[in-house]
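Colleague: Need coordinates for the following:
(2 chains)
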Number of protein chains: 2
Amino acid sequence: MPSGTPQPRFVLVRPQMGENIGAAARAMLNFGLDQMHLVAPRDGWPNPSAVAMASGAGRVLDDAQVSETVVGAVEDCSFVFATTARQRGLTKPIYTPERAMEVARERIAKGEKVGVLFGPERAGLENDDIAVANAIISVPVNPEFASLNLAQCVLLTAYEWRRQTVDTVAETVELAGHDWATAIEMEKLAEHYEQRLDEAGFFYPHTKSDGMKVTLRNLWSRLPLTRADVQMLHGVMRQMVRWKERGD
Amino acid sequence: MPSGTPQPRFVLVRPQMGENIGAAARAMLNFGLDQMHLVAPRDGWPNPSAVAMASGAGRVLDDAQVSETVVGAVEDCSFVFATTARQRGLTKPIYTPERAMEVARERIAKGEKVGVLFGPERAGLENDDIAVANAIISVPVNPEFASLNLAQCVLLTAYEWRRQTVDTVAETVELAGHDWATAIEMEKLAEHYEQRLDEAGFFYPHTKSDGMKVTLRNLWSRLPLTRADVQMLHGVMRQMVRWKERGD
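Modeller: Predicted coordinates:
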């Protein structure tokens, strides 16, 4: 059974190689999608080479629906996207993958069903397929070298769906295992270095020593240090002093 | 010759299969990137199976630079990202691919060089590799099924670069141009401290010394240090050593 998580239905239209169907299943599941629909797969269904390639994503294939026609695959969808690199003179709104998945999210949130059509390897979708769609998804590839394969096109679209539905923004400036040093801990670190460096004769000549001290304090205060960092930096200075005092 | 278009340098670290290197080249060129750097490719270089897979993107391979070490591949970069799925307890800022390429765009627009590290198949980047990086790129994959391959990780990152540079993006506030230390300068700072602290007996006990060294290197690489900061930190260590040697 599919996860039941509300999501767009990814429809592979007349896919040829089983390996590519399996790779598409993996690409989908990487971003939490598990509702695959196949239209007239060339080599029939089920397809052992698809299963072999899907490995951990085999359940996406187990749950895949199969139709003979594109219309049959999206008959209950209120909005259908067609992914295509080339323009074929059809008058359709063209969306970036990001904007398309934003629209999909909004519609699915209202209980609508949304389908995304992916064409067969090489040939891509035909005009008859695209005619079924409400809008086109066009990946902004390099016009001088556009060679996305089926699974890659599925991957990018699934990735944009994930971006729409998972709050990734909060992660962006987060630190792994962050336990920030407090102001007083930073102050003690600055004092420790300043005192020892003073003894070591670092702040020389005296006419410049105040400026050097300010510069060093500015450096510490500018750095995003955790408590662990501060402890290590204390340890560094303590060890240098021990070394000096050992006099070896 | 590479296009010369300002862009991040994509660094494949110890890639194994030539096919994956070729697929990565295609993924890059799809989004207009043609500056690939290889670190110690397992099967040597050039690699016929990479060329076979790259097909139309062969010129990306022809222009690829090869280094023996990660530092060698990014020594002139002022900011380095490491792509990794797993957290290894290293304290680093974590960026989404989108945010990371936004940062890359801002820095590259100021004339800085930016590198992105991609780990070998299966194993991924090691802590020593990640320690060289200023920040981590983490793709928001399904935690229950994360199986992006090398070329797919390259594809998504390249796609986000394209979105940053092709789509019209909101202007970001320009920060006063800092003279950031480069990776080679950071490496020399890390080496200076590591060597002196080793002499001073800081890395003790020996069973823990490797971990302590990685932690310290990770600290340096994480800090937003300017060249002036680096010079001051060299001066701090030099002075502590002079003090010791004076033995007063």
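
Colleague: How far away from the center of its chain is the helix or strand encompassing residue A:99?
Modeller: Assigned by DSSP states H and E, residue A:99 belongs to helix A:97-109. Relative to its chain's centre, helix A:97-109 lies at 16 Å (Cα atoms, centre = their mean, to the nearest Å).

Colleague: Chain B versus residue A:78, what's the distance?
Modeller: 26 Å (Cβ to the nearest Cβ, to the nearest Å). For every residue, glycine as well, the C-beta is placed using N, CA and C.

Colleague: if we can go back for a sec, is the helix holding residue A:99 in proximity to chain B?
Modeller: Yes - shown here: helix A:97-109 in contact with chain B (Cβ under 8 Å from any Cβ of the partner chain) through residue A:98.

Colleague: where does chain A have low pLDDT?
Modeller: A:1-3, A:86-91, A:167-178, A:248 (pLDDT under 70).

Colleague: about what we covered before: pairing partners for whatever helix or strand comes next after the helix holding residue A:99, with directions?
Modeller: Next in sequence after helix A:97-109, counting helices and strands by DSSP H and E, comes strand A:114-118. Using DSSP bridges, strand A:114-118 pairs in its sheet with strand A:9-13 (parallel), strand A:79-83 (parallel).

Colleague: got the angle between the first one and helix A:97-109?
Modeller: Spelled out, it's strand A:9-13. Here strand A:9-13 points in a direction 120 degrees away from that of helix A:97-109 (axes from the mean of the first three to the mean of the last three Cα atoms, to 10 degrees).

Colleague: do the same with the last one
Modeller: Computed by the same axes, to 10 degrees, the angle separating strand A:79-83 from helix A:97-109 equals 160 degrees.

Colleague: on that earlier part again, and of the strands paired with strand A:114-118, who's closest to residue B:17?
Modeller: Distance to residue B:17, taken as Cβ to Cβ, is lowest for strand A:9-13 among those, at 26.0 Å.

Colleague: next one: the closest one to chain centre, how far?
Modeller: The chain centroid and the centroid of strand A:9-13 are separated by 21 Å under Cα atoms, centre = their mean.

Colleague: ditto for stretch A:237-248
Modeller: Counting by Cα atoms, centre = their mean, stretch A:237-248 is centred 48 Å from the centre of its parent chain.

Colleague: Pull out the buried residues from it.
Modeller: Neighbour-count burial for stretch A:237-248, counted by 16 or more other Cβ atoms under 10 Å in any protein chain shown, picks out A:237, A:239-241, A:243-244.

Colleague: Give me the residue at the spatial middle of chain A.
Modeller: In chain A, the C-alpha nearest the mean C-alpha coordinate belongs to residue A:159, at 5.8 Å (Cα atoms, centre = their mean).

Colleague: burial measure for residue A:61, as a count.
Modeller: Look at residue A:61: counted by other Cβ atoms under 10 Å in any protein chain shown, it has 22 neighbours.

Colleague: repeat for residue A:5
Modeller: If you count neighbours by other Cβ under 10 Å, residue A:5 ends up with 11.

Colleague: dump the residue contacts of it.
Modeller: A:32, A:34 (Cβ atoms under 8 Å, 6 or more residues apart in numbering or on different chains).

Colleague: hang on, residue A:136 is in a strand, isn't it?
Modeller: Yes - if the criterion is DSSP: H, G, I helix; E, B strand; the rest coil, then residue A:136 is within a strand.

Colleague: State the distance from the residue nearest to the centre of chain A to residue A:97.
Modeller: According to Cβ to Cβ, to the nearest Å, residue A:159 stands 8 Å off from residue A:97.

Colleague: same thing with residue A:54?
Modeller: To residue A:97, residue A:54 is 23 Å away according to Cβ to Cβ.
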